[in-house]
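> Predicted model, plus sequence, below.
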Amino acid sequence: MKRVILVVVAAGALVLSVVVAARSPTASTPSVVLYKQMVIRHVTAEGTVEAEQATPITAPMEGHQPMKIGWVAEDQTFVHKDDVVIRFDPTDFETSLLRGTIAQEKASNKATRNEVDRTAKSLLH
């Protein structure tokens, strides 16, 4: 009997709360409006970054003298095999080549002059 009374009281309380809720003024449902926009997040960090995969680059050794860099590819540029990443300034090499060519021509002219002088002396004697 106690159970029946407890069930009836619970059912009555439920019905009473539904009736009270139905008669109360309509409350607005809370809502949030979302807008699509770009999200920018700035992160300040400090440390050392290492490449996952890196290929060492060496300079050509034919010059036998210090080389000046004339151009370097932009940092963080993705490159493929045989892409140019550094161009060396050819000015020093061109100057050395020109000086060598001039020295060779002077030596050749001097040797020719000496040969002519020897030939002229042998003809005169």
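Perfect, thanks for sending it.
> only C-alpha atoms for contact and neighbour calcs from this point on.
Fine.
> Just the buried positions in the longest helix seen in the chain, please.
In the chain, ranked by residue count with DSSP state H as the criterion, the top helix is helix 91-124. Residues of helix 91-124 include none that count as buried (16 or more other C-alpha atoms under 10 Å).
> Please state the offset of it from the chain centre?
52 Å (C-alpha atoms, centre = their mean, to the nearest Å).
> can you check stretch 39-58 too?
9 Å.
> Show residues contacting it.
For stretch 39-58, there are no external contacting residues (C-alpha atoms under 8 Å, 6 or more residues apart in numbering).
> Pull out the C-alpha coordinates of it and format them as PDB.
Only the C-alpha atoms of stretch 39-58 are listed here, as PDB (Å, rounded to 0.1, in the frame of the first residue of the first chain):
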ATOM      1  CA  VAL A  39      41.800  32.300 -37.500                       C
ATOM      2  CA  ILE A  40      45.400  33.600 -37.000                       C
ATOM      3  CA  ARG A  41      47.400  32.200 -34.100                       C
ATOM      4  CA  HIS A  42      50.800  33.700 -33.300                       C
ATOM      5  CA  VAL A  43      53.200  31.400 -31.500                       C
ATOM      6  CA  THR A  44      56.400  32.700 -30.000                       C
ATOM      7  CA  ALA A  45      59.000  29.900 -29.700                       C
ATOM      8  CA  GLU A  46      62.700  29.600 -29.200                       C
ATOM      9  CA  GLY A  47      64.900  26.600 -30.100                       C
ATOM     10  CA  THR A  48      66.600  24.800 -32.900                       C
ATOM     11  CA  VAL A  49      64.900  23.400 -36.000                       C
ATOM     12  CA  GLU A  50      66.400  20.600 -37.900                       C
ATOM     13  CA  ALA A  51      65.400  19.400 -41.400                       C
ATOM     14  CA  GLU A  52      63.700  16.000 -41.600                       C
ATOM     15  CA  GLN A  53      65.700  15.400 -44.800                       C
ATOM     16  CA  ALA A  54      68.600  17.500 -45.900                       C
ATOM     17  CA  THR A  55      71.200  17.300 -48.600                       C
ATOM     18  CA  PRO A  56      74.700  18.800 -48.100                       C
ATOM     19  CA  ILE A  57      75.800  21.200 -50.800                       C
ATOM     20  CA  THR A  58      79.500  21.700 -51.600                       C
END
